[in-house]
Structures are given as structure tokens and as C-alpha cells.
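Participant: fold the stuff below for me.
(2 chains)
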Protein chains: 2
Amino acid sequence: MNAKRIIVIGGSAAGPKAASRARRMDENAEITIIQKASDLSMASCGYPYYIGGFFDDRDQLLCSPAGVVRDSKFFWNAKKITTKVNTEVTAIDRENKRIEFTDLISGEKGTAEYDKLIIATGATPRKPPVPGIELDGVTTLQSLHDADYLRKVHDEGEIKKAVVIGGGLIGIETCEALHLAGIEITLIELLPQLLTFLDKKMARLVEKYVMSKTNVILENGVAAFIGENGKLTAVKLQNGTEIPCELAVIAIGVIPNTQLAVDAGLPVGQTGGLVVNEYMQTSDPNIYAVGDCIEIPNLISGSPVHAPYGDLANLQGRVAGENVISGNVARFPGTIQTGICKVFDYGVGATGLSKKNCLKAGITNIETVVNASLDKPGFMDGKLLITKLVVDKPNGIILGAQVIGPGDVSKQVAIWAMAIKGSLTVDDMVNADLPYAPPYSLAIDHSIATAHIMQNKLNGRFSGVSSEQLREKLKTKEPLVLLDVRNPDEYEQIRLGIGEKLIPLGQLRKRLDEMPEDKNAEIITWCKISLRGYEAALILQANGYKNVKVLEGGIMAWPYKREK
Amino acid sequence: MNAKRIIVIGGSAAGPKAASRARRMDENAEITIIQKASDLSMASCGYPYYIGGFFDDRDQLLCSPAGVVRDSKFFWNAKKITTKVNTEVTAIDRENKRIEFTDLISGEKGTAEYDKLIIATGATPRKPPVPGIELDGVTTLQSLHDADYLRKVHDEGEIKKAVVIGGGLIGIETCEALHLAGIEITLIELLPQLLTFLDKKMARLVEKYVMSKTNVILENGVAAFIGENGKLTAVKLQNGTEIPCELAVIAIGVIPNTQLAVDAGLPVGQTGGLVVNEYMQTSDPNIYAVGDCIEIPNLISGSPVHAPYGDLANLQGRVAGENVISGNVARFPGTIQTGICKVFDYGVGATGLSKKNCLKAGITNIETVVNASLDKPGFMDGKLLITKLVVDKPNGIILGAQVIGPGDVSKQVAIWAMAIKGSLTVDDMVNADLPYAPPYSLAIDHSIATAHIMQNKLNGRFSGVSSEQLREKLKTKEPLVLLDVRNPDEYEQIRLGIGEKLIPLGQLRKRLDEMPEDKNAEIITWCKISLRGYEAALILQANGYKNVKVLEGGIMAWPYKREK
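Facilitator: Below you'll find the predicted structure:
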């Protein structure tokens, strides 16, 4: 039997993973990676941290865990994989199972035959169709070349002002990197919120924090890049504002690189990504596709999504690498779109569906709750976590969670991602058995406490109001009794100042005469995180008040301006 | 209808939680906590950190999250719960639904009637039946009084040498606390290993690390405490050794406090804990029991266990507090015995069953694997994690995981705990969708990589050997070819030195002639963490070698002495 010929188009993340897995499955296969860029296996998710100066050795972006640069020599010696860098595949001839390629340095053309082909062509940054985009000082952050450019900016320290366009993951990471270089940053987002994987109120909390570090302008896009002598001097917004700056980083998303596949007649889905089945196979049984160029199902909504995440690219590569050798035995079922982002000293993460995405997917009978607490005890230097949990109301199945704050967000998101993976319900989560010791968590972990509140809500014992809803109520001047039940000391330090009365929880039972006579009056209670707010609501309900609600997440989750 | 009378015996963790939950369920119930000690709601898991000086304000051990000390006044004002401290319940008269109690200060006796009773009497430290235990300087670490005593030791700085007896969670936490006080410590354990929730090899890795901080003596118990003028001067071991010391802390486990319940005719199970059903109800429908005095089912083995963990006590309290008011509606199904412990700068955690406990439970058709990797990329200052995963071989269901190392152990244990909660299999875990960004994890999270190796092993592609097995083979002088496939630089820095040959992975294909002619020769390969070791094994197998194994976890998981 002849050695199997495997060609992988793309050498960044999914491609090398697929090639390596194929090699492990078959020592005798002829495996070739063809890569358009000059480098291989770049840790591109690490670029913002290289730019920000978290580390200085650029090779670390290209190294194996053992510290060897993953260049062509490495791939050949360690993995017996042939790599052609600076080489573009220009056509796929499916009938003859052959590709055509061009060496981008020499201009030489060639062809190669495959038994199985893996397309891992990645994605390209989206760019706004506006004048001045070619100016010196306008860049994206996608290639190692971009990272080198921005690291130079960091090291030279000459640029004072920058505009970052796009408030998604990459945009925010870029803000942090440039902020660490001492650059004054303005972040521009076309939509009414940053980080669209968050529901609006959660995004507001992040925005409030980001605004303490950079300028943030929402609902505004770029109209033009303005320059002098070929160099950027300002960004002009759609509302006419001009922001002087010497650097602009565009981070408004990516477009799957599918042209090559489309030219070969392979289908593209509604998100713009290549269509593959759970074996990572395209409509051509000899062609697989992985990574940022494909679309995959969201496992909760069932809808296809474009999810260009480095972790998924690796998992898909592993599956395709196995299947090109062994036939379709390995599966990649899809994603629940788990993600996390470092936003200065906050973690911001999500898994599953937000409320917004539930509604989009037609899942409307849902319940949500916001919980705020420390991640571990105060005496162990616990830090704040705020979680919004979304569940299916009829059966309590966890649909999604968003977690933000300076606390241990990563663990919380992992817990909820696993809960969704296991199709767990709120009733399962209330007794989750998680690792507890004071250096790591509260006795009742933040995630479990969130499930407790949700269970109380589903059982009708907890009636909550979100800060958004409360603000709407305040705007419409509905008659409301607002009740803060913290201690006077706490009230002096920090308070909403929206017309609330202060009655400390410990005095409430004795001061019920200060509450309205009308038992149908709408009363909203809160404290710092709203545990005491909840207890206050129960006391009022037990005393006949029929319309008492708790401000979810308390003062800590209030994203708007406070009096103090 | 008369107000329901709820009496809770015990005011540490489970008791107050049950009482608070009952209050939230029913504003009108008469709820009383009777507590033998003088304090209430102590954060006893925090004692080692108070002793070690992680924080100085003792009140923090007794405070609500809002910073209010949870004393009798707090319980009455905030929760309308009556508390009687320094009060011992001496008898339960089930027929008349009445308890008898004695005020330990005044000696006064009294009785009180209940509709529902909750027993939360906790546990008492086990003490070795040896002479000298009454000496000044011999203590346990269970009560706040113990914590005060040891904190005084810390603050005074006069004691130079201490012996800690018992290498479980509390013993190890005590070692760290005393170490931080500059005290030289010897840790004594009767069994052949520390931390018996770990399999032996994992425990060896922890022992190796602990030995860099304290003296460790295994398989030896205390024969006597030796003193002069009533003060401890040495601990005498069963083998005759005398260890001079001024302080000895006994931490050899706890015994459930069940006498009161037993006297009332309530049944105790095989572990010594009170028997309750999933509603936390004893055989008497009016009496519930929660916390360290009960036994609960291990959800994997089905066997009852005594699991005195603070988090479970709280969850049980919540269930009992609900059920005494609403009838049996809430359930606490049991535990998978998830736990974690800070061991100096290591985290040490486990969930589910170890291999040892699988075998004990009669689950014998299992597979295990050890994986070592960083928790996040090297360029983000990633730290080592070592995981041992145990799965059911016929169906791949996750049975347990043990995780140790300076890396983010807490998240890993939480992930596996949730996998067990969801009855997930290895095939589910290979495509887990976890939050990835370089500040938080590797592109393929450590847990997922562990599942990948396990999948390879279950599919027969990865044949592993544990360090224990390899050491046995070395002892019996079986003919072996030992192959380290790292780079010469790495080999110079650190190596096992057990007769291995160095052939870097990148050279292996060219140097196959250096391998034995006999294709049946037993070859064992490794690298730092054994990814390259695995690739080397595949190359050898592809070249006809039939008996190649990979040293699991590589050099990083080798718990024995190394040459370098």
C-alpha cells in the first residue's frame, strides 16, 4: 500500500495540530503543511501579551513547550512533516485531487497531489471601507507582523495617543496592551455596548471599569482615517468628531478565508464559514476543513456560528487529523461558545447563551438572575465576582452564564461550561460538590450560591429586579419604595442615592411602621450584594407586603452612576 | 396555627445555616440554636490561615460578609433566631419532643420543646491513647480556642520546634501555618503516605515537596508525649525515636459527636456517623441531622462515608432548614468527596474515587493515566499541574481525578467534579469547551489534554507505565531499554539517571539503528512531561517494536530521587 498523502493548507493553529495528529496516527503518511505566512504554529492569542510587555522573548510565541522554535526544521525532525512557508495555495483541483501553489518569494509555481486535504486557511481581519486606511499608523492585530509592529510601538515609547476600533475581545486586549505602553487610548465601538457576548447590563459593568483606564465611545464608527505625509494624525468618527492619534488598531472582527474553497465549489454557510459535518469533513469526502475558516453548530441553539477561538481550532484539528487517516471515527460536535478575556485586572467570560442570544434563538421561556459575591473569604483577600445565569424556565436546565470581575472568573466559567456540557439543571447545581478551602473559594461557592438564588426564584420565593429594570422604573416615575438594608457605615461609604431609605436589616422588624400602609405598594430592597436585601424582602412579605422585589446583585452589580 | 418550634443543636456551620434557611422559609417559626461553645458561626476552615498570619483580625473568623460579628445579638436582630451559647444539650426526649440542656456557665438546667429538631453536633478530634497527652504544649486544631492558642504561639515567636501528628488536610495546613511562624516542624504519619485521598504515587510527589519545608516521618505513630514540669519537651515515636519539641499538634481525624443522638435511640452507621436519608432526616421523622456528625453516601461507590467538609455542612444545613418548614421537599443526594488543600505553594485536590478507593469499592475494570503540563503558557508564567485521572474502562465514565502542583489546581478539580456530576465520559471531555485565553489556560486545557491521553490509552494507541511500575521493573532488573528523548540541554539540567539513553526526538528516526535488534524488547520512553515520549513511542511502534511504553507524566511526575 502506498503512503497516504495528506496536505494541510494553513500552518497557524488548526493546521499544524491536524498534521501532528495525522502523523501520530500514521508514521508512514506523507504529510505536508503549506503556509502562506513565513512563520508556523504561532501562539497568536499571545500577541497582546507580547505587545504589552508581559514577556520579551518573541520566540516564546513560536516555541514548543520544550522551548524549541517550531520552524520547518522542527516539523521535519520531530514530526516528519514537510512544511512549505511563504507559499500560497491558489487552486484546488478536486477531480484530480491536486492543489496548485505559488512560492511567494520566488514566484515559482507548483502542484501537489493529495489523498486527503485539510483546509485551515483561517480568517482575515475585517476592515472598515473608509478613506485613509492605507496610512502609516493604521493596523490590525492578527499576524505576527502586526504584533511585531505594535511591540515596536511599545518599545519605542514615542506614540502618545491611539484609537482602538472595535470593542470585542481583541479590541479590549489591545487596549490593555497599549495602556501598558503608557499610551492614552480611545476605544470606539459601533454597537451600543462592548463585548457583545455579554448581555447589556453585564457589558455596562465592564464598560464602567474600562472607562477608568481608557476613553470609551459607543454607538459610533469610523468615517475616515486622517493623515499628513502618509502618516495617521487623527481618526474621524461618523458623528464628525476627530480624535487626534498617531496609531489606530482595527479590531472589528474577522472574515473566514473561504475563497479558495468556494472556487473549488465547496459550500459556505450562512455565517460565511465553510460547511463541515461533525467529522470536520466538507461536502467533498476527501476534503476536511478546520479552524477559523469554518462554521460549527452552537450546541444549545443548534444554529451554525462562526467561532474563531484558538482552543476550538486545536480540537477540530485533532479530529480532522485522526479522520484523514482512520476514516470518520472522531467527532467534534460543536461549541457552547465558551470564552474569556482579560480586561486589565478583570476577567470577563461567558459560556452558553446570553439572554439576548436565547431570545434570538427563539428560546423565550427563560429565567435569569444576577449574583454578586466574593470568590473566597474576605480574610483570604477575596475578590468580587458578578454572575448572570440564564436557565430554561420549564425544566431548569442551565443555558448560559456570564461572569465578570476581579475574582477568579476563569474557574466560574469553567464550572458553568461543564454544567452545560452535562445538561445539568439548577436542582443539580444547588448541591454541586466543588473543591472548598478558604484559599480557593467560599464555603458555598459563588456558582452554587448563584444556583441557590435561581432555585429560590424558580420556586417563587425570590422576586428580583435587574438594575436595568429599576432604572426604567425610576425614569417612568412609578411610585416605588426603595429600601437599602445595610449598616449606616456602609451607607456612608457608598450608596446609590436614588431616593432610597436606609433601614439596617437588624432593625427592620422593629421599624415596620415606617413602611407604607398600602400592602400592595411596590418595594425594592437591596444591600451590598443583596443577600440581606433578600432577607429583608422575606420579612416584608411575611408582614403582608405583596409586591416586594430584590435588586439583583445589589450595589455591586449596579452599572450606573451612584451618588457615592 | 401556632408558630412552628425549631430547635437546632450546634451553632458552628451546618446548624446556623439550617436555622437561617428555616427562617427564610418561615418568618413566624420560633427558631433556637443551642451551642455548646461560646462562639457562633465560626469560619473554622480559616483557622490555619489566622494562625499562619494571612490575616490578623480575629473577628474576621466570626463575621458576616458585611463585616458584622455573628453573635447572639446579630442572630436575633438580623434573623430573629434565639441563640443559647455555652449551653449543652444533655438529652433528647423523643416521645415528648423535648430536649434537656445545661448552661455550662451557671450550671442551670432547662428544657425546651420542639416540633422539629436539627442535630448539628459536629465532630471531635481523635486523640491517640498515649501518656502525656495532657501536657502543656499538646493541642489539636479544631476549636476557636485551639486557634487562639496557636496564634499566640505564632505571635510570641518563642517556640522553635513542633511536631504535627497526622498527615491529612488539617495536619498539612497546620504545618504551613507553623512554618510561617518560623517553627521547625516534623510531620508524623502512621500510614505509609500523606493525604490518603491521593493514590500513593501522587502522595509521593506531594511528600517530596513537603519535605523541602518540613521533616516528614511516615509509618510511625506517637508512643508518648514526654514533658518536664507539665510542659511538653519531646514526642516519642513508636519506633523509640524521641523528637524534642515544645509544641505538638494532633490532627489524626475526627469522630462524629453522636452520643446524644445514640442515647435517644437514633441509629449510627458503619462509619460512626448518624444515619439520615436524602432529606437529612433521621429515623425519627421529627429529627434531622446535618454536618460533621452524620454519614452520607458516596455517589459513585454508593457506600456511606464520613465527609466532614465545611461546604457540604452548609449544603446539608440548607436542605434540612427547608425541610423542617416545608416537609421533605429538598434533597441532598450525597458526595463525590471533592476536596482541596493548600500545601505551601502547591494546591492538592481530588474529586471522585482514587484508584485505591475504586478497588476498595469493587470497581476493578478501570484505567488510569497521569498527565503533567503547565496550567497556562510558559510566556504567561504558567505553572506545573500533575493530574491522575481514573475512568471506568468499559464505558469511559470519569470516576475520579487527583490534581497537584503549583498551577491552578482548584479550577482543574472543579472541572473534573462537574464532569463526574454530569456522568461525562472521556469522549465527552476530549471536546470540552472551556474558557481559553493565555492568562488563564493553555489552548488545549490541561484537563482536556488529560482526556486526550486517556482516550489514546483506551483506544490502545498509548501504552503507559507509571513511575511506580517502572521503579518495580528496575528493582527486579528486568531487561529494559530506557529512552529519554529530550534535548541535550534539558538532559544536562535535570535527568532521572536510571540507565537511560538520550536520543532527542528530532534525531530518533535517523538513529533507529541504535535501538535493539529484538523487536520484542521492552522500551520505555519519556521526556519532560511525555508528549515527546509519546511521539517517540509511536515512531518505534511504527518501526516494528511491539513492547514500547511511555513513562506517564514524564520527569515532572517522577516522585523518586533523580540523578540530577
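
Participant: low-confidence stretches in chain A?
Facilitator: Low-confidence segments of chain A (pLDDT under 70): A:1.

Participant: how about the residues of the stretch 101-250 of chain A that lie near chain B?
Facilitator: Residues of the stretch 101-250 of chain A found near chain B, taking C-beta under 8 Å from any C-beta of the partner chain as the criterion, are A:L169. All C-beta spots, glycine's among them, are computed from the backbone N, C-alpha and C.

Participant: need the helices for the stretch 101-250 of chain A, in chain order.
Facilitator: Using DSSP state H, counting those that start in this stretch, the helices of the stretch 101-250 of chain A run over residues A:144-156, A:169-180, A:200-210.

Participant: ok, the stretch 401-550 of chain A next?
Facilitator: Under DSSP H, counting those that start in this stretch, the stretch 401-550 of chain A gives helices at A:409-421, A:426-429, A:446-458, A:467-475, A:488-493, A:505-508, A:531-542.

Participant: in the second one, what's buried?
Facilitator: Put plainly, it is helix A:426-429. For helix A:426-429, the neighbour count (16 or more other C-beta atoms under 10 Å in any protein chain shown) marks A:426, A:428-429 as buried.

Participant: relative to chain B, how far out is A:R495?
Facilitator: Distance of A:R495 to chain B, computed by C-beta to the nearest C-beta, to the nearest Å: 14 Å.

Participant: need the helices of the stretch 401-550 of chain A in TSV (columns: distance to chain B).
Facilitator: Listed next are the helices of the stretch 401-550 of chain A as TSV, based on distance: least, C-beta to the nearest C-beta, whole Å:
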stretch	distance to chain B
helix A:409-421	3
helix A:426-429	6
helix A:446-458	7
helix A:467-475	20
helix A:488-493	7
helix A:505-508	3
helix A:531-542	3
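
Participant: in CSV: the ones you listed, plus distance to A:I92.
Facilitator: CSV is the format used below for the helices of the stretch 401-550 of chain A (distance: least, C-beta to C-beta, whole Å):
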stretch, distance to A:I92
helix A:409-421, 35
helix A:426-429, 47
helix A:446-458, 47
helix A:467-475, 50
helix A:488-493, 65
helix A:505-508, 69
helix A:531-542, 60
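
Participant: quick one: which of those helices is nearest B:K477?
Facilitator: helix A:409-421 (45.5 Å; C-beta to C-beta).

Participant: packing partners of that closest one?
Facilitator: If you count contacts as 3 or more C-beta pairs under 8 Å, 6 or more residues apart in numbering or on different chains; DSSP states H and E, helix A:409-421 packs onto strand A:339-343, strand A:346-352, strand A:384-392, strand A:398-405, helix A:446-458, helix B:409-421.

Participant: closest to B:P435 out of those?
Facilitator: Proximity to B:P435 (C-beta to C-beta) singles out strand A:339-343 among the helices and strands packed on helix A:409-421, at 3.6 Å.

Participant: CSV for the helices of the stretch 101-250 of chain A, including mean neighbour count?
Facilitator: Output for the helices of the stretch 101-250 of chain A, formatted as CSV (neighbours: other C-beta atoms under 10 Å in any protein chain shown):
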stretch, mean neighbour count
helix A:144-156, 17
helix A:169-180, 24
helix A:200-210, 22
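
Participant: out of the ones you listed, flag the one nearest B:V206.
Facilitator: Nearest to B:V206, of all these, is helix A:169-180, at 36.2 Å by C-beta to C-beta.

Participant: what angle do the closest one and helix A:144-156 make?
Facilitator: 20 degrees (axes from the mean of the first three to the mean of the last three C-alpha atoms, to 10 degrees).

Participant: what does helix A:169-180 contact?
Facilitator: For helix A:169-180, the surrounding residues in contact (C-beta atoms under 8 Å, 6 or more residues apart in numbering or on different chains) are A:48-49, A:51-53, A:141, A:150, A:153-154, A:162, A:164-165, A:185, A:187, A:189, A:194-195, A:210, A:213-214, A:247, A:249, A:251-252, A:339, A:341-344, A:348, B:437.

Participant: now do 6 Å
Facilitator: A:48, A:51-53, A:141, A:162, A:164, A:185, A:187, A:213-214, A:249, A:251, A:341, A:343-344 (C-beta atoms under 6 Å, 6 or more residues apart in numbering or on different chains).

Participant: which of the helices of the stretch 401-550 of chain A is buried the deepest?
Facilitator: Of all the helices of the stretch 401-550 of chain A, helix A:409-421 has the most neighbours on average by mean count of other C-beta atoms under 10 Å in any protein chain shown, namely a mean of 28.

Participant: what does the stretch 301-450 of chain A put close to chain B?
Facilitator: A:310-311, A:314-315, A:332, A:335-336, A:338, A:340-342, A:349, A:379, A:410-411, A:413-415, A:417-418, A:422, A:424, A:431, A:433-440, A:443-444 (C-beta under 6 Å from any C-beta of the partner chain).

Participant: the helices and strands packed on helix A:409-421 into CSV, with extra columns for distance to B:I325?
Facilitator: Converted to CSV, those look like this (distance: least, C-beta to C-beta, whole Å):
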stretch, distance to B:I325
strand A:339-343, 40
strand A:346-352, 33
strand A:384-392, 25
strand A:398-405, 27
helix A:446-458, 14
helix B:409-421, 27
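
Participant: ok, which of these comes nearest B:V290?
Facilitator: With C-beta to C-beta as the yardstick, what comes closest out of the helices and strands packed on helix A:409-421 is helix A:446-458 (16.0 Å).

Participant: mind checking how far that closest one is from the chain centre?
Facilitator: Mean-position distance between helix A:446-458 and its chain equals 24 Å (C-alpha atoms, centre = their mean, to the nearest Å).

Participant: and the gap between the residue positioned nearest the centre of chain A and B:Q142?
Facilitator: Nearest to the mean C-alpha position of chain A, by C-alpha atoms, centre = their mean, lies A:G339 at 4.0 Å. Separation of A:G339 from B:Q142 (C-beta to C-beta, to the nearest Å) stands at 44 Å.

Participant: just want the residue of the stretch 351-500 of chain A that's nearest chain B.
Facilitator: The stretch 351-500 of chain A approaches chain B most closely through A:G422 (1.8 Å), counting by C-beta to the nearest C-beta.

Participant: who are the contact partners of that residue?
Facilitator: With the criterion set at C-beta under 6 Å, 6+ apart, A:G422 makes contact with B:422, B:424.

Participant: switch to 8 Å and redo it
Facilitator: Contacts of A:G422 were listed using C-beta under 8 Å, 6+ apart, and they are A:428, B:418-419, B:421-424.

Participant: ok, so of the residues you listed, who is nearest A:N257?
Facilitator: Proximity of the contacts of A:G422 to A:N257 was ranked by C-beta to C-beta; the top entry is B:L424 with 34.1 Å.
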